[in-house]
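J.: Build me a model from this:
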Amino acid sequence: MLRIGGRPTDIVVPVGGKYSTFCKNLESAGVTRCEYLEEAGKSPRFLSSFALLQEKLGSVSLEGLLLPGSYRVRLKFLDSSCETCDPEPVLRHNAEAFLRAVLPVTLKRLRPLEERHGLSVYQQIILASIVEKEAVANQDYDRVAAVFLRRLRRNMPLGSCPAVEYALGFHRPFLLFRDIRIRSPYNLYVKKGLPPGPIAFFSDQALQGVLYPADSDDLFFVYDWTLQKLLFASHYSLHEKNAEQARKNYIQKFGRKNLYRADYDRFYK
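T.: Residues are numbered from 1 along each chain as shown. Down below sits the predicted model:
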């Protein structure tokens, strides 16, 4: 039988997570389905909210737009002993209940944003999602943003590994040449400019980094997985040395075999 009352449940939108993984986790937990989340956003109940996002962003996608955090949502669940109960109304209800909890927070976060650095609001959001994934140790958001903004001004490819991983569907500590040859608008080693959409849920720190980038002349960086820090450089010759040392450090600590391992359960974290 259907439990009519439901119960309060905390749903966590993870920092740096992908929407596809997030909604699949909701499906696995029996909360709702990805398709119902998308449908709920197009229902009359939420059209006005999404219209505000559409006006502000020029595009609406749940990827990257949900503010990370824990949301208390009153969900309904189906009794496991009821074999003939239709789960669809329950799953649709839960999708709407979740959006009722999260959309006001999203709107409050985005409403003050305006064009900045020659980027539209949506472009700033896209860049913030990339900065979130690149600032692996949750630090140097403003320096990472400064590098990408400088590259955009110079019409250089952003060279973002997490953006490529978003297209690949797996993580590798150091991407191989064959990885960065993938044909995708998210391959920012080949494509100049920003990808078509965000790649992850981003923190306020990442967004603030985009809004207020560091005053630096950095143009390159690489993450050293053993030091757990980003190594920045203003010249390519120094960047080459940093990257080579980061690879050597990784091999020494984790072994050469792990250098080439594709991890399908991880997204550059």
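J.: residue ranges with poor pLDDT in the stretch 151-269 of the chain?
T.: Along the stretch 151-269 of the chain, the parts satisfying pLDDT under 70 run over 267-269.
J.: Could you check how far the spatially most central residue of the chain is from Tyr36?
T.: Central residue of the chain (Cα atoms, centre = their mean): Ala200, 0.6 Å from the mean position. Per Cβ to Cβ, to the nearest Å, Ala200 is found 22 Å from Tyr36. For glycine as for every other residue, the C-beta is placed from the backbone atoms N, C-alpha and C.
J.: Neighbours of Gln228, how many?
T.: 10 (other Cβ atoms under 10 Å).
J.: From Glu63, how far out is it?
T.: Relative to Glu63, Gln228 is positioned 27 Å away (Cβ to Cβ).
J.: and if you look at Ala135?
T.: To Glu63, Ala135 is 19 Å away according to Cβ to Cβ.
J.: higher neighbour count, those two?
T.: Taking neighbours as other Cβ under 10 Å, Ala135 and Glu63 compare with Ala135 leading, 24 against 19.
J.: From what I see, that one and Val144 are in contact.
T.: Yes: taking Cβ atoms under 8 Å as the definition, Ala135 is a contact partner of Val144 at 5.2 Å.
J.: what touches both of these two?
T.: Shared contacts of Ala135 and Val144, defined by Cβ atoms under 8 Å, 6 or more residues apart in numbering, comprise 209, 230.
J.: Going by residue numbers, what spans are helices in this structure?
T.: For the chain, the helices defined by DSSP state H cover 19-28, 34-41, 44-57, 88-110, 121-134, 141-153, 161-168, 204-211, 236-254, 256-259.
J.: Could you tell me the end-to-end distance of stretch 151-165?
T.: End-to-end distance of stretch 151-165: 20 Å, with Cα to Cα, to the nearest Å as the criterion.
J.: Next, the contact list for the residue nearest to the centre of the chain, please.
T.: Contacts of Ala200 (Cβ under 8 Å, 6+ apart): 16-18, 64, 129, 132-133, 162, 166, 267.
J.: again, 6 Å this time
T.: 16, 18, 129, 132-133 (Cβ atoms under 6 Å, 6 or more residues apart in numbering).
J.: Can you give me the distance of it to His235?
T.: From Ala200 over to His235 the distance is 30 Å, taken as Cβ to Cβ.
J.: Repeat that for Pro44.
T.: To His235, Pro44 is 56 Å away according to Cβ to Cβ.
J.: Over to Val13?
T.: Distance, Val13 to His235, by Cβ to Cβ: 39 Å.
J.: Give me the more crowded residue out of those two.
T.: Taking other Cβ under 10 Å, Val13 and His235 do not tie; Val13 has more neighbours (18 against 12).
J.: Quick check, the more buried one in contact with Leu66.
T.: Yes: between Val13 and Leu66 there is a contact at 4.8 Å, judged by Cβ atoms under 6 Å.
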